[in-house]
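A.B. asks: Please find the sequence and the predicted model below.
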Amino acid sequence: MTRVIRIGTRGSKLALAQTGTVADVLRATGVEIEIVTVTTPGDLSSAPIAQIGVGVFTSALREALLRKEIDVAVHSYKDLPTAAEPGLVLAAVPVREDPRDALIARDGLTLGELPPGSKVGTGAARRMAQLRALGLGLEIVPIRGNIDTRMRKVTDGELDAVVLARAGLARTGRVGEITETLDPIQMLPSPAQGALALECRAADVDVEHLLASTVDDEGTRVAVTAERALLAALEAGCSAPVGALAEIVEDLDAEGAVIERISLRGTAAVEDENGGIDMVRASAQGDLAEAEQLGRALAAELLDLGAGALSGPAQ
Ligand SMILES: NCc1[nH]cc(CCC(=O)O)c1CC(=O)O
């Protein structure tokens with residue numbers, strides 16, 4: 001391809017690192033790349049995300065695509081609204097980083113070692129609800145800001161610990177500061193956590209093919225499709241915090257041959273009998289070709305377990 005491909009990204013350290021990885025892969029195929037930084041409302045405001053609204057980190061990039069100021073938008077997939085944007089296509093989902101959440105605590109402590117009353121910072125309703133449901137007596141402190149700002153609250157002694165996506169720490173070279181990578185049994189990640197979404201204009205078939213043939217990862221795409229289908233179906237029925245994780249696992253078919261299947265776990269907050277918040281969980285397995293149906297079916301199960309009754313803060 002002789003044209004220069006303009007890749008749009010947010011300007012945060014994490015976003016630039018993510019975009020740099022994608023740009024390196026594309027450059028290695030001989031394509032000329034220009035990186036364009038786009039400032040989003042999410043970068044400018046320090047208000048809680050729930051107040052600024054859906055798509056705070058992604059809509060400015062989508063608008064820049066539609067205005068033809070950029071040719072590719074690199075999003076953190078979990079920040080992308082579930083509604084499709086007319087005129088744009090999801091051209092590729094690169095191989096995912098570790099999707100789990102991570103604890104960064106003082107003195108190298110793990111979650112179980114934090115004494116009751118410890119202050120744990122997070123801004124995500126999903127993480128808050130799951131931390132509370134563990135019943136460890138932790139004090140959950142709502143925080144915002146980029147990775148550096150959040151981590152500093154622990155080094156400064158303002159908080160005992162923070163919970164962040166492991167992927168963001170991996171991409172910015174800070175996994176060494178993690179004191180515990182949280183088991184999904186305790187903390188199910190956000191749908192699509194650790195994955196990137198590469199969008200381009202639907203009419204720009206050259207770029208769509210370029211992305212699909214160079215940076216797309218089939219396994220990640222299948223897993224994330226199941227998680228996002230679960231999220232979309234739950235959004236239609238409730239605004240409770242949602243966690244989901246799909247993994248590709250090996251199973252045996254009726255003849256005993258090894259086949260790959262999707263194993264999907266989901267969780268959503270419900271109100272318990274005392275008016276507090278509890279989490280319901282469900283899991284299911286399905287064929288790789290049925291990722292969407294699997295996500296929707298598991299969402300229906302979570303709604304049956306009471307997820308629909310709660311109208312708490314959104315993601
Ligand atoms: N909502 C902010 C956001 N968007 C993507 C990541 C991390 C990278 C990823 O999950 O892909 C983060 C920070 C965090 O949740 O700790």
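C.D. replies: That came in fine, so what should we check first?
A.B. asks: mind checking how far the closest residue to residue 93 other than its chain neighbours is from residue 215?
C.D. replies: Among residues not flanking residue 93 along the chain, residue 221 sits closest, at 4.4 Å (C-beta to C-beta, 6 or more residues apart in numbering). The way it works is simple: take the backbone N, C-alpha and C, and place the C-beta from them, glycine included. Between residue 221 and residue 215 the computed distance is 11 Å (C-beta to C-beta, to the nearest Å).
A.B. asks: what about these two, which has more around it?
C.D. replies: Each of residue 221 and residue 215 has its neighbours counted (other C-beta atoms under 10 Å); residue 215 has more, 21 against 18.
A.B. asks: Near the ligand, which residues of the stretch 51-200 of the chain are found?
C.D. replies: The stretch 51-200 of the chain comes close to the ligand at residues 76, 78-79, 164-165, 167-168, 193-194, as judged by C-beta under 6 Å from any ligand atom.
A.B. asks: First-to-last residue distance for stretch 138-158?
C.D. replies: 15 Å (C-alpha to C-alpha, to the nearest Å).
A.B. asks: can you pull the buried residues of stretch 18-25?
C.D. replies: For stretch 18-25, the neighbour count (16 or more other C-beta atoms under 10 Å) marks 18-19, 22-23 as buried.
A.B. asks: Actually, stretch 237-248.
C.D. replies: 238-246.
A.B. asks: rewinding a little: with pLDDT and secondary structure added, can I get the residues of the stretch 51-200 of the chain next to the ligand in JSON lines?
C.D. replies: Supplementary listing: those in JSON lines, determined by pLDDT from 0 to 100; DSSP: H, G, I helix; E, B strand; the rest coil:
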{"residue": "76", "pLDDT": "95", "secondary structure": "strand"}
{"residue": "78", "pLDDT": "94", "secondary structure": "helix"}
{"residue": "79", "pLDDT": "92", "secondary structure": "helix"}
{"residue": "164", "pLDDT": "97", "secondary structure": "strand"}
{"residue": "165", "pLDDT": "97", "secondary structure": "strand"}
{"residue": "167", "pLDDT": "98", "secondary structure": "helix"}
{"residue": "168", "pLDDT": "97", "secondary structure": "helix"}
{"residue": "193", "pLDDT": "97", "secondary structure": "coil"}
{"residue": "194", "pLDDT": "98", "secondary structure": "coil"}
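A.B. asks: neighbours around residue 170, how many?
C.D. replies: Neighbours of residue 170 (other C-beta under 10 Å): 16.
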